[in-house]
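Enquirer: With the sequence up front, the predicted model follows.
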Amino acid sequence: MILKIVKHVLLDILRSRIVLAYTVFLAAASIGLFNMDADTGKSLASILSMVLMLVPLTSLIFATIHYYNSYEFIELLSTQPLRRGTILLGEYLGVSLALGLALLAGVGLPVAAYDSSLTGGCILLAGLLLTFSFTALAFLGAVCSRDKARGMGMAMLQWFFFALLYDGLLLLVLFTFQDYPLEKAVIALVALNPIDLARTFVMLQMDVSALMGMTGAVMQEFLGSRLGMTFTLGVLTLWIAAPLGLALRVFRKKDL
């Protein structure tokens, strides 16, 4: 039954003008960035910045709006002999897959056409993981609040914190405790932010760890290793599983 829910949600979203506009914008921006500079490495760096800012924001806002707009459909499904976890998981997978397909079409096709390198593949992988993780965060926020305005506010607050505020707080910690050996501690701090984790993952593949500041060497030593890459992908996967698991738990006990 979960596959039927996923199929229904996926097909409904793929017909949405918003998702179409999202795909077209990503494609136009990616092609434009590749044509602006002959150095594809610089173009990929610009595409990475676009993905890190736009993908989390779009995933949070779109998933939150979709949940509230589909609330009557969810209530209808809950009257059927279906587990609540199946209903929410089907909705989540439908939204995540639709946004993931939009990312693959909008960024993946231009990257494959202009620079089908390992770095481009890492950008796509990071974008997909961010799509799934921030969609999970959006569902968690929406499930916890029945009020649509409050849910949208929580979604915007999450994006503001992870995309803008967290880096400032991290720099403040580094500046305050600059006399202490914080290089290894920064790895743990970066792992607390999926956007920073995805950025570090891709930048290490681009071999530009020197641009990361004082902790670049230890980042390259740890996250650049095979064990480090496994750790990076594992934590990003945890950023999907943990919010989704909490959302499922809240939804099962929630009074619809």
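Expert: That came through, no problem.
Enquirer: which outside residues touch stretch 83-100?
Expert: Contact with stretch 83-100 is made by 1-10, 12-14, 19, 22, 58-59, 62-63, 66-67, 70, 74, 77-78, 128, 131-132, 135-136, 139, 143, 244, 247-248, 251-252, as judged by Cβ atoms under 8 Å, 6 or more residues apart in numbering. Backbone N, C-alpha and C define where each C-beta goes, glycine included.
Enquirer: Can you select the buried ones from those in ChimeraX?
Expert: Remark: buried members of the contacts of stretch 83-100, expressed as a ChimeraX selection using 16 or more other Cβ atoms under 10 Å:
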select :2,5,6,9,10,13,19,22,58,59,62,63,66,67,70,74,77,128,131,132,135,136,139,143,244,247,248,251
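Enquirer: So which of the contacts of stretch 83-100 are in helices?
Expert: The helices, defined by DSSP state H, take in 2-10, 12-14, 19, 22, 58-59, 62-63, 66-67, 74, 77-78, 128, 131-132, 135-136, 139, 143, 244, 247-248, 251-252 from the contacts of stretch 83-100.
Enquirer: Low-confidence bits of the stretch 51-200 of the chain, can you list those?
Expert: 183 (pLDDT under 70).
Enquirer: Let me see the ranges of the helices in it.
Expert: Remark: helices assigned in the stretch 51-200 of the chain by DSSP state H, counting those that start in this stretch are 71-78, 84-103, 109-114, 118-144, 148-160, 166-176, 183-191, 194-205.
Enquirer: Export those as CSV, with columns for distance to residue 233.
Expert: Output for those, formatted as CSV (distance: least, Cβ to Cβ, whole Å):
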stretch, distance to residue 233
helix 71-78, 31
helix 84-103, 16
helix 109-114, 19
helix 118-144, 8
helix 148-160, 22
helix 166-176, 20
helix 183-191, 12
helix 194-205, 8
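Enquirer: do you know which of the ones you listed lies nearest residue 47?
Expert: helix 118-144 (6.2 Å; Cβ to Cβ).
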